[in-house]
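>>> coords please:
(2 chains, ligands or ions: 2)
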There are 2 protein chains.
Amino acid sequence: MKLGEGVEAAIHCAAMLAGVDGAATMPGAAMAEAFGLSPSYLLKHLNQLAASGVLESVPGPAGGYRLARPAERITLLDIVLAVEGREPAFRCGEIRQRGPVRLDASAYVKPCGINAAMLKAERAYRTALAEARLSDIVAAYQSDADPRSFAANCAFVVRHQRPQKVQPSKSER
Amino acid sequence: MKLGEGVEAAIHCAAMLAGVDGAATMPGAAMAEAFGLSPSYLLKHLNQLAASGVLESVPGPAGGYRLARPAERITLLDIVLAVEGREPAFRCGEIRQRGPVRLDASAYVKPCGINAAMLKAERAYRTALAEARLSDIVAAYQSDADPRSFAANCAFVVRHQRPQKVQPSKSER
Ligand code: FES
Ligand code: FES
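Ligands and ions are numbered 1, 2, ... in the order given. Now for the predicted structure:
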């Protein structure tokens, strides 16, 4: 079992975007620089986050990305599913039906117990991810990370964020 | 996130092996037939299970596979880790250290909070898998599955299992 590497980048970017001022945006290229990633690689994942409503992508010269809602309402599950897709990790191929003894379909109405047990474990995983809010991640970083690293990150955000002209977004109108 | 397809086959085989009589074995080819899988594909996974001590592989004319310990002491976690490896699904590449501002290593002594949160969720997943014993899976199958399917499986096991000459295994000597 393996999560794509994009998950690490996606969560770090979301955490960084939680630090911009107000409606400011951050260009994808700046985030790629912050984490030593190729911009095209990162853009793919930023766009996945935008497509699933975790980020907002703002076009134009002051464009970039920002959180689509407050960090309190974004969870690690939102981010993981945006990048990895919503399908369960365990995918039942109904191999119980592939054997030499062919019973008719009515014998397989109930889902396979093995599938059920695997999906139950995945629910536990997703519940734990859903309990980890982006705001908690950021608060823990603020209180636990080395102060030099925290200061360097703040300085990076201040340097690269792009303030927006005062123009209320749709949801605020 | 995706588990390999081998997991489904491995759990089904282990559940089938829980049904053999005493020390009898079941050839890999028979299990491949039971689940409509290519024998070489399945052998790979059966050997992974043997390598991690979930199954025992018995050589010779009455050879095949059997559980290495009672089904009460085998969990879905044992099987998933045997097939998928023990590494966590989330693998931190320390991207926090890859940015343009290079702090010295002492700034990164504490593990990244994002990594910690992801691993915490994986612990929840593994705990749930560790709580699902193979014996529970088999008992649920016995009580919940369609009786025709249960009967067909039992008949298959009876037809293909290979009784062993009475010869205590090392651990019983
Ligand atoms: S048939 Fe797919 S898990 Fe049992
Ligand atoms: S540096 Fe890897 S998860 Fe933060």
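>>> Let me see the contact set for A:Glu84.
The contact partners of A:Glu84, by C-beta atoms under 8 Å, 6 or more residues apart in numbering or on different chains, come to A:3-4, A:7, B:1. No exception for glycine: its C-beta is placed from N, CA and C like everyone else's.
>>> Mind doing that once more with 10 Å?
A:3-4, A:6-7, A:10, A:48, B:1-2, B:89 (C-beta atoms under 10 Å, 6 or more residues apart in numbering or on different chains).
>>> confidence score at the closest residue to A:Pro163 other than its chain neighbours?
Leaving aside its sequence neighbours, A:Pro163 sits nearest to A:Ala24 (C-beta to C-beta, 6 or more residues apart in numbering or on different chains; 4.9 Å). We have a pLDDT of 97 for A:Ala24.
>>> Enumerate every residue touching A:Ala24.
So A:Ala24 contacts A:17, A:58, A:62, A:64, A:66, A:157-158, A:160-164 (C-beta under 10 Å, 6+ apart).
>>> So what's the residue count around A:Arg98?
Close neighbours of A:Arg98, defined as other C-beta atoms under 10 Å in any protein chain shown, add up to 13.
>>> Surely it and B:Leu37 touch.
Yes - A:Arg98 is within contact range of B:Leu37, at 7.5 Å (criterion: C-beta atoms under 10 Å).
>>> give me the residue from chain A nearest ligand 2.
A:Glu8 (4.8 Å; C-beta to the nearest ligand atom).
>>> what's the burial count for that residue?
Other residues within reach of A:Glu8, judged by other C-beta under 10 Å, total 25.
>>> Mind giving me the packing neighbours of the helix or strand encompassing it?
For A:Glu8, the enclosing helix or strand under DSSP states H and E is helix A:6-17. On a contact count with 3 or more C-beta pairs under 10 Å, 6 or more residues apart in numbering or on different chains; DSSP states H and E, helix A:6-17 meets helix A:28-34, helix A:39-51, strand A:55-58, strand A:64-67, helix A:76-84, helix A:134-144, helix A:147-160, helix B:113-131.
>>> between those, which gets nearest to ligand 1?
Of all the helices and strands packed on helix A:6-17, helix B:113-131 comes closest under C-beta to the nearest ligand atom, at 13.8 Å.
>>> Let me have the contacts of A:Glu84 in a markdown table, adding pLDDT and neighbour count as columns.
Shown next, in a markdown table, are the contacts of A:Glu84 (pLDDT from 0 to 100; neighbours: other C-beta atoms under 10 Å in any protein chain shown):
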| residue | pLDDT | neighbour count |
| --- | --- | --- |
| A:Leu3 | 92 | 19 |
| A:Gly4 | 89 | 18 |
| A:Gly6 | 96 | 21 |
| A:Val7 | 98 | 23 |
| A:Ala10 | 98 | 25 |
| A:Gln48 | 98 | 19 |
| B:Met1 | 76 | 20 |
| B:Lys2 | 86 | 16 |
| B:Ala89 | 95 | 22 |
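>>> biggest separation within these, which pair?
A:Gln48 and B:Ala89 (17.9 Å; C-beta to C-beta).
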